[in-house]
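Novice: sharing a model that was predicted from the sequence below.
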Amino acid sequence: MSDKASPKVWSSNYLFLLASIGSAVGLSNIWKFTYLAGENGGGAFVLIYLLSLITMGIPILAAELMIGRRGGGSMVSSMQELSKRDGISRHWKMFGWVAMMGVFLILSFYCVIAGMTLDYTITSLIGELNNLNSTSAVSYYNDLLASPVRLMLSQFAFVAATGWIVAKGVQGGLEKSTSWMTPALFIILGALVIYAMFAGDFSQGFHFLFNPDFSKITPKVVLAAFGQAFFSLGIGVGVMLTYGAYMPRTSSILKSSIIISLSDGLASILAGLAIFPIVFKYGLSAAEGPGLIFMTLPIAFGQMPGGGFIGALFFILLFFAALTSSISLLESIISHLEEVWRVGGRIRITIIASVLLWGVGLGSVFSFNIWADFTPLDMIKPLEGKTIFGLIDYFGSNLLMPLGGILMAVIAGWLISKEVSKNELQLKDDRLFLLWHFLIRFVAPAAVLLIFISNLVG
């Protein structure tokens, strides 16, 4: 592999879209969406989730892509460029640094969870998950968490795969990998949905997802749906900003944002259609919470015809979804390090960053076993009882991402002029631009602020 980085520009709008959709569609769409939908009444949650993608997700995603293309670099350098071109305070580069460090922490624990999908993929293929019952499925999951060696090995393998792709550059790594992984992800999802039509209780699963019970709509359900839409797109921490910096001028930001957001929503819906019919067919609970994927579904896979193969296919899907997202997270970090850290090229920078990532991630690995009782910030009430994994997740997902989303909206809606925004978005329809400008100024930041406050007090 040559140490010469590929040019930092997408070869085509199609490949940009595949990479961006792959970035957006991750574990959150398949793992988190399904258990949140199960816990929050199904159809009512799904309806609000889809509405939130339109009213909050698309405007903020368009804003982040716009800032990235205008800034033309990493999160930090884009803030510096906007300071020169648009007169925003030079202190905004601190937001870039904080976001980049936040991405690093988020990725450190994300690789641990993603490594678990790799472990389950391998054990599914060799038949270790066959014929599990409720007791043995829980026992298997707990045994995995209790083994630091297994978690470390799977985490290392996942970090290595992520680093290997990113080291090859935008065109040589990101484009080549997502050009087949993103379509494969949707093909596998489609195959699992078709399987669920014949092997599961599809009518009940469909009814659960698309027949909203409006009596179940509560402030908690609304906040959960908006939060899921926000987190599943991965906006607010500069990842999509970095992808936007590589966009050619011929690409429409708003059209791309709509395609990416709707594809993200489609992936979540397909995951629900693949999972809930199986859950209902085998008398399992849809409201199992985070354990739905790792403890509940293996029980069903062990009972159904061809369950060993279907289980392996499902966990391969999770692995692809995790990998297409992790490479975008790492790319946003490497993009800035290349600008400021001259240590011998992209490959060496990526190796160093990956080793550090794996080392920091060990804190999350040990949080499930040998450091399970280590809760270092018990003196602070909201952080009481949180392990290192819990603290990183709390600061990254609950605080940094929502705060970043609000700040992205402030920059795009209030600090960059309307003329510049309209030119960057390439919108000829004044009404469409005014609608986006209203949403990015008022509706989207207000929605994210509610999520932020809910996370603080929750």
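Specialist: Sure, I can see it.
Novice: run through the strands of this protein in chain order.
Specialist: Taking DSSP state E as the criterion, the chain carries no strands.
Novice: in it, where is pLDDT below threshold?
Specialist: 1-7, 289-290, 342-343, 458 (pLDDT under 70).
Novice: go again using 80 as the cut-off
Specialist: Scanning the chain with the threshold set as pLDDT under 80 gives 1-7, 131, 286-291, 302-303, 342-344, 457-458.
Novice: and V420, how far from Q228?
Specialist: 32 Å (Cβ to Cβ, to the nearest Å). From N, CA and C alone the C-beta is placed, and that goes for glycine too.
Novice: out of the two, which sits in the more crowded spot?
Specialist: When V420 and Q228 are compared for neighbours, Q228 comes out ahead with 25 against 16, by other Cβ atoms under 10 Å.
Novice: ok, that one touching E39?
Specialist: No - Q228 lies out of contact with E39 (Cβ atoms under 8 Å); the separation is 11.1 Å.
Novice: count of neighbours near the nearest residue to Y140 once chain neighbours are set aside?
Specialist: The spatially closest residue to Y140, leaving aside those adjacent along the chain, is L132, at 6.6 Å (Cβ to Cβ, 6 or more residues apart in numbering). For L132, the number of neighbouring residues by other Cβ under 10 Å comes to 23.
Novice: and for F158?
Specialist: 26.
Novice: next, find the distance separating the nearest residue to it once chain neighbours are set aside from A372.
Specialist: Leaving aside its chain neighbours, F158 sits nearest to G115 (4.4 Å; criterion: Cβ to Cβ, 6+ apart). As judged by Cβ to Cβ, G115 and A372 stand 18 Å apart.
Novice: which one's more surrounded, these two?
Specialist: The residue with more neighbours, out of G115 and A372, is G115; 26 against 13, by other Cβ under 10 Å.
Novice: need the contact list for that one.
Specialist: Counting by Cβ atoms under 8 Å, 6 or more residues apart in numbering, G115 touches 151, 153-158.
Novice: 7 Å instead?
Specialist: Contacts for G115 (Cβ atoms under 7 Å, 6 or more residues apart in numbering) come out as 151, 154-155, 157-158.
Novice: how about N455?
Specialist: N455 is in contact with 398-399, 402, counting by Cβ under 7 Å, 6+ apart.
Novice: L313 now?
Specialist: 188, 192.
Novice: go with 8 Å
Specialist: The contact partners of L313, by Cβ under 8 Å, 6+ apart, come to 188, 191-192.
Novice: among these, name the buried ones.
Specialist: Neighbour counting by 16 or more other Cβ atoms under 10 Å classes 188, 192 among the contacts of L313 as buried.
Novice: sorry, back to before: wait, the residue nearest to Y140 sits on I299?
Specialist: Yes - L132 sits in contact with I299 when judged by Cβ under 8 Å, with a separation of 5.5 Å.
Novice: can you give me the distance of L356 to F366?
Specialist: L356 is 17 Å from F366, by Cβ to Cβ.
Novice: ok, those two, which is more surrounded?
Specialist: Higher neighbour count among L356 and F366: F366, with 18 against 14, using other Cβ under 10 Å.
Novice: which one is that one nearest to, not counting chain neighbours?
Specialist: For F366, ignoring the flanking residues on the chain, the nearest one in space by Cβ to Cβ, 6+ apart is P148 at 6.1 Å.
Novice: of the contacts of G115, select the buried ones using a ChimeraX command.
Specialist: To isolate the buried ones among the contacts of G115 in ChimeraX, judged by 16+ other Cβ under 10 Å, type:
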select :151,154,155,157,158
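Novice: export the contacts of G115 to TSV and tack on distance to F389?
Specialist: Shown next, in TSV, are the contacts of G115 (distance: Cβ to Cβ, whole Å):
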residue	distance to F389
L151	11
S154	15
Q155	12
A157	19
F158	16
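Novice: can you tell me which of the contacts of G115 lies nearest to M66?
Specialist: Of all the contacts of G115, F158 has the smallest distance to M66: 31.8 Å, by Cβ to Cβ.
Novice: surely that closest one is in contact with S325?
Specialist: No - at 11.4 Å, F158 does not count as touching S325 under the criterion of Cβ under 8 Å.
Novice: and D429, how many residues sit next to it?
Specialist: Neighbours of D429 (other Cβ under 10 Å): 9.
Novice: let me fix that, I meant to ask about I352.
Specialist: Neighbours of I352 (other Cβ under 10 Å): 15.
Novice: over to M116?
Specialist: 26.
Novice: same check on D143?
Specialist: Considering only other Cβ under 10 Å, D143 is surrounded by 11 other residues.
Novice: could you do the one 3 residues further on as well?
Specialist: When counting by other Cβ under 10 Å, one arrives at 13 neighbours for A146.
Novice: just the helices in the stretch 251-400 of the chain please.
Specialist: For the stretch 251-400 of the chain, applying DSSP state H, counting those that start in this stretch gives helices covering 253-281, 291, 297-303, 307-340, 346-367, 388-393.
Novice: which strands and helices sit next to the last one?
Specialist: Under the contact criterion of 3 or more Cβ pairs under 8 Å, 6 or more residues apart in numbering; DSSP states H and E, helix 388-393 touches helix 93-125, helix 346-367.
Novice: deepest of these, which one?
Specialist: Most buried of the helices and strands packed on helix 388-393, by mean neighbour count (mean count of other Cβ atoms under 10 Å): helix 93-125, with a mean of 22.
Novice: got the contact list for G102?
Specialist: Counted by Cβ under 8 Å, 6+ apart, G102 has contacts 237, 395-396, 400-401, 404.
Novice: which residues touch the closest residue to it other than its chain neighbours?
Specialist: Excluding the flanking residues, the one nearest G102 by Cβ to Cβ, 6+ apart is L400, at 4.0 Å. Contacts for L400 (Cβ under 8 Å, 6+ apart) come out as 98-99, 102, 106, 236-237.
Novice: pick out the most distant pair among those residues.
Specialist: Top of the distance list for the contacts of L400 (Cβ to Cβ): V98 and I106, 12.3 Å.
Novice: got the buried residues for stretch 79-92?
Specialist: Counting neighbours by 16+ other Cβ under 10 Å, stretch 79-92 gives 79-83, 86, 88, 92 as buried.
Novice: hmm, I was thinking of stretch 173-189
Specialist: Counting neighbours by 16+ other Cβ under 10 Å, one finds that the buried residues in stretch 173-189 are 173-179, 181-182, 185-186, 188-189.
Novice: and K422, how many residues sit next to it?
Specialist: There are 17 residues near K422, going by other Cβ under 10 Å.
Novice: for A196, see how far away it is.
Specialist: Going from K422 to A196 by Cβ to Cβ gives 45 Å.
Novice: between the two ends of stretch 407-418, how far is it?
Specialist: Stretch 407-418 has an end-to-end distance of 17 Å (criterion: Cα to Cα, to the nearest Å).
Novice: what's in contact with it?
Specialist: Stretch 407-418 has contacts (Cβ under 8 Å, 6+ apart) with 59-60, 62-64, 66-67, 70, 82, 86, 88, 92, 95, 235-236, 241, 421, 433, 437, 440-441, 444-445, 448.
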